[in-house]
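> Next comes the sequence, and after it the predicted model I'd like to discuss.
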Amino acid sequence: MARRSPHPDEPLLSRLDLNLLVSLDALLTERNVTRAAERLYMSQPSLSAALARLRSHFDDQLLARRGNTYELTPLAARLAEHTTIALNAARRVFESQARWDPKESARHFTIHGSDYALTTIGARASRLVSQEAPNVQLRLVPTTSPGLSDVLQRLASVDGIVLPHGVVSGRPHADLYRDDWVLVAAKDNPRTAEGITLELLAASPWVYTYQTRSAFTAVGLQLQQLGLQPRVETVVESFLLLPLFVAHTERLAIVQRMLVPLVTQMAEVAVHELPFTPTPLISALWWHPIHDHDPEHAWLREVFQRAGRELEAEAATQHHEAPES
């Protein structure tokens, strides 16, 4: 019998240790041998040896020392997204099953989002997951401003990210739920005694959550469009921590209505309606197209959509409990 001619890719793949892909992904993500080794539970000498093999293969330093830190070389920067996608694709290959049943699955899903998103939709989705797929692990990771700046790249390395419309575009998504905004002020703030006006908003100091070009809130932009330039005294990248920085001060802050029960328990703050109609907040689950036809991922998306519908229904029944005015 004639021997089959090797596929053009086979000589290269047969010479490679695909475990190097895991090491490469950690090194490019952490940009530090020590941190990458800790992430992989490897010894530093072992990972250093892997880095040496990778440098030999690519004929490139990959990590270049700059003072006390390391930077990605141009080649490494190009490899970063490809490596993450390849690693996730390999994981999906070996996690795939001919017949997938949530009750029998032990898959791990990673979802990123703000503390607001994780507290609301994340908490409810996790309960649904535990009821339907007790061996599935849902890892919920808070998002920071740096994370939002490279959100499209991060989508290739996680199962999804919960963000409002306006931050991400050009990626598949499923709308989850709507919310709106309210004003938070200290109960002992003397400025609010005569009512909430645009003049009060303009004259008061503020606590903001996000204030960068890639990380912002729609209502924050709306204040500027109304001609207001809020005097921001403090920036704290957490919606849940806002009331702690408002209590017993003259500061103001804006939070999502669904967080009202929590923020009013955390500190001595009062909730007021805004003196304008705020832009509605539509939160969505965004994912990379590589997940489009993954049945496990499709199930997860459906779980988050059901959780969103439950949130909206619960919010509707509580709507009569209006904030203090």
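Arrived safely.

> Could you pull out the helices in the stretch 1-150 of the chain for me?
10-15, 19-30, 33-40, 44-58, 74-95, 115-117, 123-132, 145-149 (DSSP state H, counting those that start in this stretch).

> ok, and what's touching whichever strand or helix holds Val207?
For Val207, the element it lies in under DSSP states H and E is strand 205-208. With contacts defined as CB atoms under 8 Å, 6 or more residues apart in numbering, strand 205-208 is touched by 220, 230-236, 242, 245-246, 249-253. C-beta coordinates here come from the backbone N, C-alpha and C atoms, glycine included.

> Kindly recompute the last result at 6 Å.
By CB atoms under 6 Å, 6 or more residues apart in numbering, the surrounding residues in contact with strand 205-208 are Pro230, Arg231, Val232, Glu233, Thr234, Val235, Leu242, Phe245, Val246, Arg251, Leu252, Ala253.

> Next step: the residues you listed restricted to helices.
Among the contacts of strand 205-208, DSSP state H puts Leu242, Phe245, Val246 in helices.

> give me the number of residues near the residue nearest to Asp17 when sequence neighbours are not counted?
Ranked by CB to CB, 6 or more residues apart in numbering and with sequence neighbours excluded, the top spatial neighbour of Asp17 is Arg53, at 7.7 Å. The number of residues packed near Arg53 is 14, by other CB atoms under 10 Å.

> ok, now how distant is Arg53 from Ser43?
Using CB to CB, to the nearest Å, Arg53 is found at 15 Å from Ser43.

> Over to Val269?
Val269 is 50 Å from Ser43, by CB to CB.

> With neighbour numbers in mind, choose between these two.
The neighbour comparison of Val269 against Ser43 (other CB under 10 Å) goes to Val269, with 25 against 10.

> Identify the bridge partners of that one.
Ala186 (DSSP bridges).

> correct me, but it touches Asp188?
No - taking contacts as CB atoms under 6 Å, Val269 lies outside contact range of Asp188: 9.7 Å.

> if I pick Gln137, what's in contact with it?
Shown in contact with Gln137 (CB under 6 Å, 6+ apart): His108.

> Identify the bridge partners of it.
Residues in beta-bridge contact with Gln137 (DSSP bridges): His108.

> Model confidence score at it, please.
On the pLDDT scale, Gln137 is placed at 92.

> where are the low-confidence patches of this structure?
Across the chain, residues meeting the criterion (pLDDT under 70) sit at 1-16, 89, 91-99, 145-150, 152, 211-219, 319-325.

> 50 - rerun?
Counting by pLDDT under 50, the chain has low-confidence residues at 1-6, 9, 213-215, 322-325.

> From the recorded domain assignment, give the ranges for this structure.
16-87, 108-172+286-317, 181-279 (automatic domain parsing).

> to the chain's geometric centre, what's the distance from the second one?
Okay, so that is domain 108-172+286-317. Counting by CA atoms, centre = their mean, to the nearest Å, domain 108-172+286-317 is centred 8 Å from the centre of its parent chain.

> residues in contact with Asp60?
With contact taken as CB under 6 Å, 6+ apart, Asp60 is in contact with Thr73, Leu75.

> For it, give its distance to Thr234.
Distance from Asp60 to Thr234, by CB to CB: 44 Å.

> burial of the closest residue to Val151 other than its chain neighbours, as a residue count?
Of all residues not flanking Val151 in the chain, Val168 sits nearest, at 5.9 Å (CB to CB, 6+ apart). Using other CB under 10 Å, Val168 has 16 other residues around it.

> show me the contacts for the closest residue to Gln61 other than its chain neighbours.
In space, Gln61 comes closest to Thr73 once its chain neighbours are excluded; the distance is 5.5 Å by CB to CB, 6+ apart. For Thr73, the contact set (CB under 6 Å, 6+ apart) comprises Asp60, Gln61, Leu62, Ala64.

> again, only using 8 Å
Asp60, Gln61, Leu62, Leu63, Ala64.

> which one of those is nearest Glu273?
Of all the contacts of Thr73, Leu63 has the smallest distance to Glu273: 52.5 Å, by CB to CB.

> Contact partners for the closest one?
Remark: with contacts taken as CB under 8 Å, 6+ apart, Leu63 is in contact with Leu27, Arg31, Val33, Leu51, Tyr70, Glu71, Leu72, Thr73, Ala76.

> I'd like those laid out as TSV, including distance to Met258.
Shown next, in TSV, are the contacts of Leu63 (distance: CB to CB, whole Å):
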residue	distance to Met258
Leu27	40
Arg31	37
Val33	43
Leu51	46
Tyr70	41
Glu71	41
Leu72	39
Thr73	45
Ala76	41
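
> From those residues, list just the buried residues.
For the contacts of Leu63, a burial check counting by 16 or more other CB atoms under 10 Å picks out Leu27, Arg31, Val33, Leu51, Tyr70, Leu72, Thr73, Ala76.

> Check the residues you listed and tell me the two furthest apart.
The widest separation within the buried ones among the contacts of Leu63 (CB to CB) is 14.9 Å, between Val33 and Thr73.
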